[in-house]
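Trainee: Here's my sequence, what's the structure:
(2 chains)
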Amino acid sequence: MAIRIFGNLNDIVNKPFAVDYPVSLGTFKTILHQHFPELQSVSFQIAVDQQMNEEETLLLTEDSEIALLPPFSGG
Amino acid sequence: MERYNRQLILPGFGKIAQQKLADAKVLVVGAGGLGCPVLQYLCAAGVGEIGVVDPDTVSLSNLQRQVLYDEQDIGDLKVRIVQKKLTILNSDTNIRIYPCSLCIETVFNLVHSYSIIVDCTDNFSTRYLLNDVCQLLQKPLVYAAIFRFEGQLSVFHYGENPANLRDLFPEIPNPLYVPSCNEAGVIGVLTGIMGNFQANEVLKIITGIGEIMSGQLITFNSLNYQLGIVRFQSKTTVFKPKNKADILNQSYEYSCKTIAHINDLKTLKNVFKRNKTVLIDVRNTEEQPKINGFNVIAIPLPELEQHLDKLANFETLVFTCQSGIRSLKAIALVQKRYPEKNYYNLKNGIALFTK
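Mentor: Next comes the predicted model:
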């Protein structure tokens, strides 16, 4: 599974972590938060295969492409 | 039509598209890093009317990215310089200027008067307010934002499956965790690239050529040229205003309901007539100029959390930084510890003492 991390999330999700596939999106989020507790206070959305997704039961496989996207404000 | 010859001869363009540009009314909110290229390219292409909103004056640190301005312009209102320079660029374009912040009193009339809105702002409060007003009035909103070497772009409230900022990011993010350009840094070419992406979307919407990035978030990384598209859809679970009152009742300052903003020296002096008042400067120690004449405690924002005890005995806390954004974060942080104190923010930061 490829995970692309955007913006300031790179400062938080900054080391490899293990996930056993297949895994539901909900469980993936829990694992992510366990490894990186600072994420609790940050706003971000998850895209699966180039589509924003909040369906907790969605099954992620090794082929899934995940993106962690925070909002930007600069201009 | 000699002026527009090079675009008139493009396939799918022609005189009809050029006339659409001449008839178009575009509102550009923010005349900074994103706004400058948007304004220049829309004016050059022959957009008939451009409105520009920005309360700020030109400062030296703007010049590395805000390419409409030069050293002669420092201290002048940005919108006045925009009007002057764009009128020289293309006298066919009518430039309307609004030297003010986008605020709840004026935003409805302003947005109503234009057909396309471009979000070139630098803060979440204005971005969400503009998004909600454009949702209510059903105006296409061309959005871009940047962080360090990365940019995002989308078009809201447009086409068959319109989606908007709240469908992407439902709530106004806590500014405490999202650094502004003043803290995160910004390189001029990236605001130039993303601003040009915005101008491109505006020209496509007006002329009807190409595919509009509605329901799609474009991500761009200037360090490795990774360009991505993420699709998203309208959600029923997020705030969608049905009338003006819905917006008026909404808070656009993250956890800032009890903060008063100060924008002039007289008001600041009046606040200091109260007992137990202190001015907290959260800039880094090397930032200039220093503040004189008030009871100042200097605590850089990264160290603030360890020094909250220093504020225990004051009742009224006035916060400042360079531009008024870090100070808001400071307030959000201090409010957690001392929710009952009085909070003031110097709206435009240190500029209060220098103008």
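
Trainee: When you work out contacts or count neighbours from here on, use the C-alpha atoms and nothing else.
Mentor: Will do.

Trainee: List the buried residues for the helix ranked longest in chain A?
Mentor: Assignment by DSSP state H gives helix A:25-35 as the longest helix of chain A. Using 16 or more other Cα atoms under 10 Å in any protein chain shown as the test for burial, helix A:25-35 gives A:25, A:26, A:27, A:28, A:32.

Trainee: Quick check: the nearest residue to residue B:133 once chain neighbours are set aside vs residue A:3, distance?
Mentor: Distance criterion Cα to Cα, 6 or more residues apart in numbering or on different chains; nearest residue to residue B:133, sequence neighbours excluded, is residue B:108 at 6.6 Å. For residue B:108, the distance to residue A:3 (Cα to Cα, to the nearest Å) stands at 41 Å.

Trainee: Residues of the stretch 201-350 of chain B that sit close to chain A?
Mentor: B:229, B:230, B:231, B:232, B:233 (Cα under 8 Å from any Cα of the partner chain).

Trainee: possible to save the residues you listed as a markdown table with pLDDT and secondary structure?
Mentor: Converted to a markdown table, those look like this (pLDDT from 0 to 100; DSSP: H, G, I helix; E, B strand; the rest coil):
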| residue | pLDDT | secondary structure |
| --- | --- | --- |
| B:229 | 97 | strand |
| B:230 | 97 | strand |
| B:231 | 97 | strand |
| B:232 | 97 | coil |
| B:233 | 95 | coil |
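
Trainee: Who are the packing partners of the helix or strand harbouring residue B:81?
Mentor: In this structure, residue B:81 sits in helix B:78-89 according to DSSP states H and E. Packed against helix B:78-89 by the contact rule (3 or more Cα pairs under 8 Å, 6 or more residues apart in numbering or on different chains; DSSP states H and E) you find helix B:35-45, strand B:94-98.

Trainee: So which bits of chain A are right by chain B?
Mentor: A:6-8, A:41-45, A:47, A:50-52, A:71-75.

Trainee: related to what we said a few turns ago, quick check, nearest of the buried residues of helix A:25-35 to residue B:65?
Mentor: Lowest distance from residue B:65 to these (Cα to Cα) belongs to residue A:32, with 36.4 Å.

Trainee: picking that back up, of residue B:108 and residue A:3, who's got more company?
Mentor: residue B:108 (17 against 12; other Cα atoms under 10 Å in any protein chain shown).

Trainee: ok so, going back, between the helices and strands packed on helix B:78-89, which one is nearest to chain A?
Mentor: helix B:35-45 (8.0 Å; Cα to the nearest Cα).

Trainee: Run a quick neighbour tally on residue 42.
Mentor: No chain was given, so I picked chain A. Residue A:42 has 19 nearby residues by other Cα under 10 Å.

Trainee: ah, I was thinking of chain B
Mentor: By other Cα under 10 Å, 23 other residues sit near residue B:42.

Trainee: Can you show me the helices along the chain?
Mentor: If you meant another chain, say so; for now it's chain A. Using DSSP H, helices in chain A cover A:9-12, A:25-35.

Trainee: if you could check chain B rather than the one you did, that'd help
Mentor: According to DSSP H, the helices that chain B contains are B:5-8, B:14-23, B:35-45, B:78-89, B:107-112, B:124-137, B:165-168, B:181-184, B:188-207, B:244-248, B:265-271, B:301-304, B:326-337, B:351-354.

Trainee: so residue B:316 touches residue B:276, yeah?
Mentor: Yes: here residue B:316 reaches residue B:276: they are 6.3 Å apart, a contact under Cα atoms under 8 Å.

Trainee: now the residues of chain A next to chain B: which count as buried?
Mentor: With burial judged by 16+ other Cα under 10 Å, the buried subset of these is A:6-8, A:42-45, A:47, A:50-52, A:71-75.

Trainee: What sits closest to residue B:69 if chain neighbours are left out?
Mentor: In this structure, residue B:69 finds its nearest non-sequential neighbour in residue B:63, 6.4 Å apart by Cα to Cα, 6+ apart.
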